[in-house]
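Asker: Task: produce atomic coordinates for the following.
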Amino acid sequence: VVDDLKLRVEYGWSGNENGANGVYATLTTIPTPFGGGTGFMPDAFPNPDLRWEIDKMLNLGFDLHLLKNRIEVVADYYIKDMSDLLVKNQQSTFLGGATSFDIGSLQWPFTNIGSMKNQGFGLTINTVNLDRKSVNWKTSFNISHDKNEVTALGGAPMANFYANSSFATLTEVGSPAALYTGYIAEGLFQNLEEIKSHAIQTSNAVLTVNPGTGTWVGDIKYRDLNKDGFINDQDRTVIGNPWPKFTLGFNNAVTYKNFDFNVFFYGSFGNDVVNYMRFRNEQTGGTAVYSNLFRSVANFARPNTVDPAATSAILTNPGYSIARIAPGDPNGNNRASQWFIEDGSYLRCRNIALAYNIPESVFNRINFIKGLKIGANVQNAFTITKYKGLDPEVGQNTSLIYGMDSGRYPTTRMYSLNLMANF
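Answerer: Residues are numbered from 1 along each chain as shown. Next comes the predicted model:
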């Protein structure tokens, strides 16, 4: 039954520059006050102490062949320790730095901060399901799981804000890197009594029940996590995780006489995605439907009155989650919340290919051609997902921001025809 069994133990060190681009920054052109000329300045602070990241990895695995090599199983379990991580070390802006280059400030340099542990497994199963004279069917299946944990940082937890919004990622010791943080939205205020009995949400930290300068019916109600009676930065919490619980691939290759058929699926499951397009286009602000927003904004909250002297006010269209029209947004309805965190799981058909091999007998009288193959191919044929955005496969935005979907161009479906000749 067992044709071959190989046990593997592997350990190694490696260095990684991780996009740090060297010790010193490149020069960037800037305008000068001398006759409209062009000058040059570094786009980031230097770091003469910069070093490569160090990766130490232990891998345990086995290769197993069964039933006259018709079944192959390859399994691995690994532990990877990364030290001297290369990260842009953000400091207070009064020190003259910024996350991106701008005239009057330099980018923060890459520095070696902290360490991280990755551990997980990978399993691949290759099978020959059918092997006859005119028919051959092979299948390949793989699944992997990876978990990362920050084990050390050079200082306090690192918060990285995205695109000048309230969405941020948090990296701290004992947790996975780059977790999404924000507020917990509990719905919309339905009446004035709810506002008066809830924590104060206005920036002036004074209970202000007013449609123009404070909180009103139809505003978003946020959870007071620390129970101090105020909604502020202390009520931010982890609201999502960009890392998948597992990924998989599944490939089938079938040959029947002169026909070849191949289909490949890839999937990612258990990760969250920030639908930043929804966040930007479901904010009513002060103009609502006149700002070319998403269709869902047509259901924005409608109080029965906006008279600040009113002693009673209710929401006339309950059941929706779009805040009221509020010029200046005095309640802070534009805070990042779990409402814009979506399940980024998907299963995508990456490739479908069908080909026909023209029999060699056709070319018996043609000396310069020995074979001809005609094929058709579809890439990214379809995707199965609950994600509401354009494409759940978002990827990395910056070094510590993952899965923020601001409308990146989706993966394109491609059709192709091919002709391969053997001379």
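
Asker: switch to C-alpha atoms for all contacts and neighbour counts from now on
Answerer: OK.

Asker: Identify each buried residue in the host helix or strand of residue 374, please.
Answerer: According to DSSP states H and E, residue 374 maps onto strand 371-385. For strand 371-385, burial by neighbour count (16 or more other CA atoms under 10 Å) applies to 371-373, 375, 377-381, 383, 385.

Asker: Quick check: neighbours of that strand in the sheet, parallel or antiparallel?
Answerer: When pairing is defined by DSSP bridges, strand 371-385 lines up against strand 346-358 (antiparallel), strand 414-422 (antiparallel).

Asker: where's residue 177 relative to residue 114, distance?
Answerer: Counting by CA to CA, to the nearest Å, the separation of residue 177 from residue 114 is 12 Å.

Asker: Do I have it right that residue 370 meets residue 361?
Answerer: No. Using CA atoms under 8 Å, residue 370 is not in contact with residue 361; the gap is 9.3 Å.

Asker: So for these two, which sits in the more crowded spot?
Answerer: Using other CA atoms under 10 Å as the criterion, residue 370 and residue 361 rank with residue 370 on top: 15 against 10.

Asker: hang on, the earlier thing: more neighbours: which of residue 177 and residue 114?
Answerer: More crowded of residue 177 and residue 114, by other CA under 10 Å: residue 177, with 23 against 18.

Asker: Mean pLDDT lowest where, among the strands paired with strand 371-385?
Answerer: Lowest mean pLDDT of these: strand 414-422, a mean of 93.

Asker: Run the chain-centre distance for it.
Answerer: Offset of strand 414-422 from its chain centre (CA atoms, centre = their mean, to the nearest Å): 34 Å.

Asker: doesn't residue 296 fall inside a strand?
Answerer: No. Counting by DSSP: H, G, I helix; E, B strand; the rest coil, residue 296 is located in no strand; its state is helix.

Asker: Where does pLDDT dip in the stretch 1-150 of the chain?
Answerer: Applying pLDDT under 70 to the stretch 1-150 of the chain picks out residues 19-24, 35-36, 89-105.

Asker: so where do the strands sit in it?
Answerer: With DSSP state E, counting those that start in this stretch, the ranges of strands along the stretch 1-150 of the chain come out as 2-16, 27-31, 38-42, 53-66, 71-83, 86-88, 97-98, 106-107, 110-112, 115-131, 135-152.

Asker: What's the end-to-end length of stretch 33-41?
Answerer: End-to-end for stretch 33-41, by CA to CA: 14 Å.

Asker: what separates that stretch from the chain centre, distance-wise?
Answerer: Using CA atoms, centre = their mean, the offset of stretch 33-41 from its chain centre is 40 Å.

Asker: rewinding a little: same list (the strands of the stretch 1-150 of the chain) but as TSV, adding mean neighbour count and distance to residue 410.
Answerer: Shown next, in TSV, are these (neighbours: other CA atoms under 10 Å; distance: least, CA to CA, whole Å):
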stretch	mean neighbour count	distance to residue 410
strand 2-16	12	30
strand 27-31	12	31
strand 38-42	13	34
strand 53-66	17	32
strand 71-83	19	32
strand 86-88	20	28
strand 97-98	21	30
strand 106-107	22	30
strand 110-112	23	31
strand 115-131	17	28
strand 135-152	18	24
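
Asker: I'd like the ones you listed as a markdown table, with distance to residue 306 appended.
Answerer: What follows is those, written out as a markdown table (distance: least, CA to CA, whole Å):
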| stretch | distance to residue 306 |
| --- | --- |
| strand 2-16 | 59 |
| strand 27-31 | 50 |
| strand 38-42 | 53 |
| strand 53-66 | 58 |
| strand 71-83 | 57 |
| strand 86-88 | 47 |
| strand 97-98 | 41 |
| strand 106-107 | 46 |
| strand 110-112 | 51 |
| strand 115-131 | 53 |
| strand 135-152 | 49 |
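
Asker: List the neighbours of the strand holding residue 374 that are in contact with it.
Answerer: Contact with strand 371-385 is made by 344-360, 363, 392, 411-423, as judged by CA atoms under 8 Å, 6 or more residues apart in numbering.

Asker: what's the next secondary structure element after that strand?
Answerer: strand 396-398.

Asker: partner strands of that following strand, parallel or antiparallel?
Answerer: Looking at strand 396-398 with DSSP bridges, what it pairs with is strand 401-402 (antiparallel).

Asker: Output the contacting helices and strands for the helix or strand that the strand it pairs with is followed by.
Answerer: For strand 401-402, the succeeding helix or strand toward the C-terminus, using DSSP H and E, is strand 404-405. Applying 3 or more CA pairs under 8 Å, 6 or more residues apart in numbering; DSSP states H and E, one finds that strand 404-405 contacts strand 272-275, helix 276-281.

Asker: For those, which has the smallest mean pLDDT value?
Answerer: Taking the mean pLDDT of these, helix 276-281 comes last: a mean of 93.

Asker: Right, I'll leave it there.
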